[in-house]
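Visitor: Structure of the sequence below:
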Amino acid sequence: MPEVEPWIADWVRRNLTGYSGICNIELIGGQPIEAHLRGSNGFFDFYGPAFIPAWVALADGEPFTPPLPIHGGFVISVFGEIELRDADFQAAEAAGVHLQPDPSTPGRAAILRCQDRDAGFALYRHLTGHTL
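Guide: Here you go, the predicted structure:
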């Protein structure tokens, strides 16, 4: 969301001078709604396995390599008791949605990653029978 980057950069300069930790700024509809100085499990969903080593090195004040920039898009969590079948993975692939099972987060069955929000919503509906 390049249109909010100038606001975020200005806010960080004004409010976090000298701070070198994690800052999580949450947006709804492109508008900032909350900022806090802690991580989010969404960081791992967006950045993948390179995030933890970078975060630890940063927190320890050591040289670190930031994770690669994310390509944008949407991350949708699917909660509930859902048994993922081969047909679900095929439907996801056909829709251009990456379907990742999540055995680690209590209550979350899967993570959907997509560039097209409507495709992600449609797969969510396919998996759960509910709409977002």
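
Visitor: For stretch 6-23, give the mean pLDDT please.
Guide: Rounded to a whole number, the mean pLDDT of stretch 6-23 is 88.

Visitor: What lies in contact with that stretch?
Guide: The list of residues contacting stretch 6-23 from outside it, by CB atoms under 8 Å, 6 or more residues apart in numbering, reads 25, 32, 35-39, 43, 55, 58-59, 61. Where C-beta positions appear, they are placed from N, C-alpha and C, glycine not excepted.

Visitor: Show me which positions of that stretch end up buried.
Guide: By neighbour count on 16 or more other CB atoms under 10 Å, the buried set for stretch 6-23 is residue 23.

Visitor: In this protein, what residue spans correspond to helices?
Guide: 5-15, 41-47, 51-59, 86-95, 117-128 (DSSP state H).

Visitor: between these, which gets the lowest average pLDDT?
Guide: Among the helices of the chain, helix 41-47 has the lowest mean pLDDT, at a mean of 74.

Visitor: from the chain's centre, how far out does it sit?
Guide: Going by CA atoms, centre = their mean, to the nearest Å, the spacing between the C-alpha centre of helix 41-47 and its chain's C-alpha centre is 4 Å.

Visitor: name the helices or strands packed onto that helix?
Guide: Here helix 41-47 touches helix 51-59, strand 74-79, going by 3 or more CB pairs under 8 Å, 6 or more residues apart in numbering; DSSP states H and E.

Visitor: Need the winner for burial among the ones you listed.
Guide: strand 74-79 (a mean of 16; mean count of other CB atoms under 10 Å).

Visitor: Domain boundaries for the protein, per the record?
Guide: Annotated domains of the chain cover 2-59, 74-128 [automatic domain parsing].

Visitor: Any idea which of those domains gets closest to residue 67?
Guide: domain 2-59 (4.2 Å; CB to CB).

Visitor: can you give me the end-to-end distance of that closest one?
Guide: 27 Å (CA to CA, to the nearest Å).
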